[in-house]
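> just coords:
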C-alpha cells in the first residue's frame with residue numbers, strides 16, 4: 001500500500017507545485033496513478049500565496065485527483081478570524097493574535113488583497129477581509145478533515161494524545177500538541193505522519209514521522225512516499241530512504 005505525503009505548505013505555491021512534480025515523476029516510475037497524496041495541513045500563513053495554494057488544492061480535488069488535505073492549526077486560526085476578529089484559538093498563547101507577524105496571518109490576508117494587518121483596527125481589517133475572501137475558501141477550510149487513516153499509517157497535522165483512542169482524540173491536540181506527543185516513544189499501533197513542529201530534515205522516530213521541514217520559514221517543503229511502513233523522501237535525484245533509528 002503506497003501513500004504520498006506533503007509537509008506544511010504555509011502559503012508557498014511554488015514549493016507545492018515542485019512537490020507535486022516530484023510525486024508525478026515517482027508515479028510514472030512506479031506506475032501508480034491512484035495512491036493518495038496527503039497534505040498534512042497549515043496551507044496558509046507566513047508565505048506569499050496562501051490564496052493560490054487553496055485554489056490549487058481545490059482545483060486538484062475537483063478534478064478528482066487522489067488528494068487528501070488535512071486541517072492545520074493555522075488554517076483553523078484563519079477561519080476563526082474570519083468568523084470573529086477577536087477570536088483566539090484555544091491552542092494559541094494568550095499574548096498572541098493570528099495577525100501577529102510571528103504567525104503570519106497578515107501575509108494570508110495580503111494574498112487576498114487585504115493590506116495593513118497590524119496597522120489597522122481589527123474590525124476594519126475583518127470587514128474588508130469578509131468582502132474579499134471567497135466564501136468557498138472558508139467553506140473548504142472549515143470542512144477539512146483532521147486526520148486520515150490508511151493501513152498502517154495515520155496522517156495528522158500535529159500529532160495525537162498518547163494513550164487516547166483515535167475516535168476520542170481532542171481536535172486541539174490533533175492541531176497543536178507538541179511535547180507530550182513528541183517525547184513519547186511508545187508504539188501507537190500505526191506510524192503517525194505529522195508536521196506542525198519544524199525540523200531541519202525529515203525525521204523518522206519509529207513510531208512517528210515528522211515531515212515539516214520549515215517551508216514557512218524559507219526552508220524546503222518535504223515530500224515522502226510510504227510503502228507499508230517504509231519511507232523514502234522524494235528528491236530531484238530520486239528516492240532517499242528515511243530509516244528509523246536502530
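Great, that's in hand. Since we're looking at a predicted model, the values are computed, not measured.
> next structured bit after the lengthiest helix in the chain?
Of all the segments of type helix in the chain, defined by DSSP state H, the longest one is helix 13-30. For helix 13-30, the following helix or strand on the C-terminal side (DSSP states H and E) is strand 37-39.
> list the helices and strands the helix or strand that that next one is followed by packs on?
Next helix or strand after strand 37-39 toward the C-terminus (DSSP H and E): helix 50-62. Applying 3 or more Cβ pairs under 8 Å, 6 or more residues apart in numbering; DSSP states H and E, one finds that helix 50-62 makes contact with helix 13-30, strand 67-69, helix 105-111, helix 135-142. Heads up, the C-betas are built off the backbone N, CA and C, glycines and all.
> which one of the ones you listed lies closest to residue 167?
strand 67-69 (18.5 Å; Cβ to Cβ).
> Run the chain-centre distance for that closest one.
10 Å (Cα atoms, centre = their mean, to the nearest Å).
> Over to stretch 23-43?
15 Å.
> ok, now stretch 85-98?
Between the centre of stretch 85-98 and the centre of its chain there are 19 Å (Cα atoms, centre = their mean).
> Pull out the buried positions in that stretch.
Neighbour-count burial for stretch 85-98 flags 85, 87, 89, 91, 92, 97, 98 (criterion: 16 or more other Cβ atoms under 10 Å).
> Next, the nearest residue to the second one once chain neighbours are set aside: phi, psi?
What it means is residue 87. Spatial nearest neighbour of residue 87, excluding adjacent residues (Cβ to Cβ, 6 or more residues apart in numbering): residue 80 at 3.9 Å. In terms of degrees, to the nearest 10, the main-chain angles of residue 80 are phi -60, psi -40.
> For residue 80, report the pLDDT, please.
Residue 80 is assigned 98 on the pLDDT scale.
> The one 10 residues further on too?
Residue 90 is assigned a pLDDT of 95 by the prediction.
> thinking again about what came up before, wait, isn't the residue nearest to residue 87 in contact with residue 98?
Yes. Assessed by Cβ atoms under 8 Å, residue 80 is found in contact with residue 98 at 7.2 Å.
> any common contacting residues for these two?
Contact criterion Cβ atoms under 8 Å, 6 or more residues apart in numbering; residues shared by residue 80 and residue 98: 87, 89.
> No further questions, thank you.
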